[in-house]
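[1] build me a structure from this.
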Amino acid sequence: MANILRINMSDLSVKSEEVGEAYQGLGGRGLTSAVVSKEVEPTCSPIGPNNKLVFAPGLLGGTNCANSGRISVGGKSPLTGGIKEANSGGQAGGYLARLGIGALIVEGMAEEGKLYKLFISKDKCELSPADELKGLGNYETVEKLKGQFSEKAGYVSIGQAGEWKLVSATVAFTDRELRPTRHAGRGGLGAVMGSKGLKAIIVDPSGGEQAPLANKDAFKDAAKEFAKALSEHPVTSEGLPTYGTDVLINIINEAGGLPTRNFSEGRFEGADKVAGEALNEITVKRNGNPTHGCMSGCIIRCSGIFLDEKGEYVSKWPEYETVWAWGPNCGIDDLDAIARIDRVCDDVGVDTIEIGNSVAVAMEGGVKAVGGAAGAGELIAEVAKGTPLGRILGSGAEVVGKAFGVRRVPVVKGQALPAYDPRAVKGIGVTYATSPMGADHTAGYAVAQNIIKVGGDVDPLAPEGQAALSAELQIATALIDTAGLCLFVAFPMLDIPEAFNAVVDMINAKYGLSLTGDDAGALGKRVLEMERDFNVRAGFNKAADRLPEFFKLEKLPPHNQVYDVTDEDLDSVYA
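    Model (predicted):
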């Protein structure tokens, strides 16, 4: 059984301990949420000494299961004030699992003004001063650390936003090329890391081994079945590898649910200029790589490499959410400008969804002209410099709306909405409203049935059936996050029964268990109940599970719909 490492930033101690009874049978999101729920006082300051930052690979981490190298980061969110799990790709999750580490729990707080780095290897785990990294962005931080440590390590870091404790700050993870392009983005957990005085974590996997398996033959068979499903499903074998997540731009635009100019319209006239098809065409033309995996063991490979017109590296392919947040939501149709902004966001360490929404709200408030790529670039530069305006933008869309007197502010529990307007995709609106995480599409991706028609067909414009759909998907997603799997495996799992069964079989084969499909569902439900309980103890009530009023009042073109899922239906999700 993997061990837990406790990192106390107050006395700079590092201790290894066995996984306690309360945490048995958990990994990934399940483990981070269990630790936060049990060990963190729900009313504590998110950037104070009593919050904890937890890193955990999933139950299937350290194995050869496809797409199983994700890592969960958990804590009390400075943005929402509730429990938070943010999920990332990159190499660190798989490396920690191969070193036999089930979780890192970072607690306490370093002396004011002090920064440290944490080195983890098979034989050593130690803190050391990181004064040389102070004030650096993620790219320069990783370059300096590579010189001190190894080209074979995985790096976890915060940029300037984390040091400044901005509530949009992310935790960055390096990909296979050691670029800090993968982020635990939502909820401001980079600010928690910064508040601890922890600038970076270096994970050296040398000497690590694949996780032990209770039944190797059964695991091999199940892993083969799972990989087969991923390689056969059209979303994971064709759409995502070819066009990346940005394949959704044209799909959601056609459905009339692409939030445009700060959620005032559902279609963007320049959608085709920033869609996945255009992204692929530009990449091929510039001799870039349109098919790239963000972590070892990925067979979907939806993350391409974006080059400029001279063939120079700019960033990884901007994700759909990033393209939308800085594109249609700000009225911008320039992929090059969006990719440059994405690079800055990765470097300074801020959530592209939150900051993109902040900028869209600021544009509506008259700070810059709507649709101006140059103006958007100037605003992200303000964030990177840490100016007063930059600090306001980095404090999230809700704060920006208050600062500039904007009424249309798309947030739930203080967190900005992602790239699907709930008036045209009503199932995702239930997830936004009721997820313990705040507005988060990944918490229960009802877009699958509402729009893509994977796993069923629920009318996206009708309020009926949306609450039950979201509830089922939130449970399933909690299970996927706990297993440490990429969320996109949900597509074949929804359509191909053998794929879901294979996940259960792999967990059983790894740990010597005999879980059924119902048991797996119960595990997902248990995770959600822990998260919900934390938020209730933090002071959340039914009023927190609501969308902003303007969604009920303003009709969204082209369908001219308002959000009409009833409060009773929203409350039924956790009733």
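
[2] all contacts plus neighbour counts: C-alpha atoms, from now on.
    Fine.

[3] which helices and strands does the top helix by length along the chain pack with?
    Looking across the chain with DSSP state H, the single longest helix is helix 517-537. Secondary-structure packing of helix 517-537 (3 or more CA pairs under 8 Å, 6 or more residues apart in numbering; DSSP states H and E): helix 28-39, strand 83-88, helix 466-483, helix 497-511.

[4] quick check: A191 vs G75, distance?
    Noted for A191: a distance of 11 Å to G75, by CA to CA, to the nearest Å.

[5] how is this structure divided into domains?
    With automatic domain parsing serving as the domain definition, the record reports that the chain contains domains spanning 3-203, 213-243+422-575, 245-421.

[6] could those go into a markdown table alongside mean pLDDT?
    A markdown table is the format used below for the domains of the chain (pLDDT from 0 to 100):
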| stretch | mean pLDDT |
| --- | --- |
| domain 3-203 | 97 |
| domain 213-243+422-575 | 97 |
| domain 245-421 | 97 |
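
[7] and those as TSV, adding mean neighbour count?
    Listed next are these as TSV, based on neighbours: other CA atoms under 10 Å:
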stretch	mean neighbour count
domain 3-203	23
domain 213-243+422-575	20
domain 245-421	22
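
[8] still on that earlier bit, I'd like the helices and strands packed on helix 517-537 as a markdown table, with distance to D457 appended.
    Below are the helices and strands packed on helix 517-537 laid out as a markdown table (distance: least, CA to CA, whole Å):
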| stretch | distance to D457 |
| --- | --- |
| helix 28-39 | 28 |
| strand 83-88 | 27 |
| helix 466-483 | 10 |
| helix 497-511 | 17 |
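
[9] ok now do F226, which residues does it touch?
    Applying CA atoms under 8 Å, 6 or more residues apart in numbering, we find F226 in contact with 65-66, 498-499, 502-503.

[10] pLDDT wise, what is M1 at?
    Listed pLDDT for M1 reads 49.

[11] how long is stretch 3-14 end to end?
    End-to-end distance for stretch 3-14: 13 Å, by CA to CA.

[12] same thing with stretch 159-173?
    Using CA to CA, first and last residues of stretch 159-173 are 11 Å apart.

[13] kindly report the same for stretch 265-273.
    The straight-line separation of the ends of stretch 265-273 (CA to CA) is 18 Å.

[14] begin at 457, not 1, for the rest of this chat.
    Renumbered: residue one is now 457, and that last one reads stretch 721-729.

[15] chain center to it: distance?
    25 Å (CA atoms, centre = their mean, to the nearest Å).

[16] I figured V623 hits A647, correct?
    Yes. Contact criterion CA atoms under 8 Å: V623 and A647 qualify, at 6.1 Å.

[17] can you give me the helices for the stretch 507-656 of the chain?
    Using DSSP state H, counting those that start in this stretch, the helices found in the stretch 507-656 of the chain span residues 548-554, 594-604, 616-619, 645-652.

[18] got the contact list for the last one?
    Under the criterion CA under 8 Å, 6+ apart, residues 465, 502-505, 507-509, 529-534, 542, 562-566, 614, 617-627, 655, 805 lie in contact with helix 645-652.
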